[in-house]
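Novice: any chance you could fold what I've pasted below:
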Amino acid sequence: MIVVDGIEALREHTSDTLCVLATPEDRELADDASTALGLKLHTAHPAPRRPMAAVVDDQISLVLVILDEDREQHTLRLHARDRGLLVVGDDKALAAVKAGLPVDSDDTWSVLVGLVLIVARRCEEALDEIDERCQELETQAIGYASSPQRRSMGRLRAELFRIGETQVAQKNLLSADEELAQSLGEDHQRLLARAETAFGANHSMTTRLYAMLGDVLNEQDSVVSERLTLVATIFLPLTLATGFFGMNFQWMLDRLDALPAFIVFGLAVPGLLTVATLFFIRRLTRSS
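Specialist: A predicted model of the protein is given here:
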């Protein structure tokens, strides 16, 4: 199969089996490719943003979501018939699939399934990078993590949630009971089942990482609460002593007017109460 990404190359190989790569802005290339390959493009409707598959007569139209090097999601639209394949996506999406495009076969359906596998593997690579990042954040979060680190974990969890939702949607498209699998031969169905398994594994990985970051954030919430409680505990006896000695009883005014009294009742007694409170809290925590 010959891969073309320009008008001139398309016109040179109109009689060959083609895989045409076009961006949404390059309408001329997409229209010429659809004419050369006998494809029907529904341009009147807005482009779908979620994974979907449609089989009309002998044409398969497939919408997938692929991750680029920056882990951003991009929509990839595939239209295939026996004569060839049209792939529509932005520059980053096309770059993500172009390097591994299976062009050693003239069978359009093999190339189509190969593209589905590329999408699954690209997400697997991105999840491996996210896994390493999660391990780093988990290591850095031992004890107490800074606010920027906790915000990074929150953003990463949101990203994992979006990826996981996309992966399970793409897995469901490839089910053996769906129209896409039933329209292909047995050999292609086996490859499609492999891609379905890959998408399922990606979804399981996103679920695991999402839960792991959630556990780390919950642990951080516990650490913050414990530290705030400790600070409040330290100031509890000090506040009590300040409130008591701030009462202007006549007995205090008559007897607590010298420096030794200030040292004993103003410094030593609150300090001893604070130490006793901390000792009691530690013993209570260890016993529980």
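
Novice: run the chain-centre distance for the helix or strand harbouring residue 33.
Specialist: Secondary-structure assignment from DSSP states H and E places residue 33 in helix 27-37. Taking C-alpha atoms, centre = their mean, to the nearest Å, one finds the center of helix 27-37 at 35 Å from the center of the full chain.

Novice: tell me what it is packed against?
Specialist: helix 7-12, strand 18-22, strand 73-81, strand 84-89 (3 or more C-beta pairs under 8 Å, 6 or more residues apart in numbering; DSSP states H and E). C-beta: built from backbone N, CA, C; applies to glycine.

Novice: try 10 Å this time
Specialist: strand 2-4, helix 7-12, strand 18-22, strand 73-81, strand 84-89 (3 or more C-beta pairs under 10 Å, 6 or more residues apart in numbering; DSSP states H and E).

Novice: just put these in CSV and tack on distance to residue 283, mean neighbour count and mean pLDDT.
Specialist: Output for these, formatted as CSV (distance: least, C-beta to C-beta, whole Å; neighbours: other C-beta atoms under 10 Å; pLDDT from 0 to 100):
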stretch, distance to residue 283, mean neighbour count, mean pLDDT
strand 2-4, 73, 18, 83
helix 7-12, 80, 13, 82
strand 18-22, 70, 25, 87
strand 73-81, 53, 20, 89
strand 84-89, 64, 24, 89
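
Novice: low-scoring stretches of the stretch 1-150 of the chain, by residue?
Specialist: Low-confidence segments of the stretch 1-150 of the chain (pLDDT under 70): 42-48, 102-103, 141, 143-145.

Novice: output the helix holding residue 33 as CSV, restricted to C-alpha atoms.
Specialist: Extracted in CSV, the C-alpha atoms of helix 27-37 (Å, rounded to 0.1, in the frame of the first residue of the first chain):
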residue,chain,number,x,y,z
ARG,A,27,-10.4,19.7,2.1
GLU,A,28,-9.2,19.4,-1.4
LEU,A,29,-7.0,16.4,-0.6
ALA,A,30,-9.8,14.7,1.3
ASP,A,31,-12.3,15.3,-1.4
ASP,A,32,-10.0,14.0,-4.2
ALA,A,33,-9.1,11.0,-2.1
SER,A,34,-12.7,10.1,-1.4
THR,A,35,-13.5,10.3,-5.1
ALA,A,36,-10.5,8.2,-6.1
LEU,A,37,-11.2,5.6,-3.4
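
Novice: what angle do that helix and strand 84-89 make?
Specialist: Orientation of helix 27-37 against strand 84-89 (axes from the mean of the first three to the mean of the last three C-alpha atoms, to 10 degrees) gives an angle of 160 degrees.

Novice: which other helices and strands does the helix or strand following helix 27-37 contact?
Specialist: Sequence order places strand 52-56 as the next helix or strand after helix 27-37, per DSSP H and E. Using 3+ C-beta pairs under 10 Å, 6+ apart as the contact criterion, the secondary-structure elements in contact with strand 52-56 are strand 59-67, strand 73-81, helix 147-173, helix 179-182.

Novice: give me the buried positions along strand 52-56.
Specialist: Using 16 or more other C-beta atoms under 10 Å as the burial criterion, the residues of strand 52-56 that qualify are residue 53.

Novice: repeat for stretch 272-282
Specialist: Counting neighbours by 16+ other C-beta under 10 Å, the buried set in stretch 272-282 is 274, 277.

Novice: now tell me what touches it from outside.
Specialist: Surrounding stretch 272-282, the residues in contact under the criterion C-beta atoms under 10 Å, 6 or more residues apart in numbering are 229, 230, 233, 234, 235, 236, 237, 238, 240, 241.

Novice: can you do 6 Å?
Specialist: Under the contact criterion C-beta atoms under 6 Å, 6 or more residues apart in numbering, stretch 272-282 has outside partners 233, 237.

Novice: what about that stretch, distance to the chain center?
Specialist: Centroid separation between stretch 272-282 and its chain, computed with C-alpha atoms, centre = their mean, is 45 Å.

Novice: restricting to C-alpha, output it in PDB.
Specialist: These are the backbone C-alpha positions of stretch 272-282, laid out as PDB (Å, rounded to 0.1, in the frame of the first residue of the first chain):
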ATOM      1  CA  LEU A 272       4.600  22.500  81.600                       C
ATOM      2  CA  LEU A 273       0.900  22.300  80.500                       C
ATOM      3  CA  THR A 274       2.000  22.200  76.800                       C
ATOM      4  CA  VAL A 275       4.500  19.500  77.400                       C
ATOM      5  CA  ALA A 276       2.000  17.400  79.400                       C
ATOM      6  CA  THR A 277      -0.600  17.800  76.700                       C
ATOM      7  CA  LEU A 278       1.800  16.700  74.000                       C
ATOM      8  CA  PHE A 279       3.000  13.700  76.100                       C
ATOM      9  CA  PHE A 280      -0.700  12.700  76.700                       C
ATOM     10  CA  ILE A 281      -1.500  13.000  73.000                       C
ATOM     11  CA  ARG A 282       1.500  10.800  72.000                       C
END
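
Novice: sweet, I'm off.
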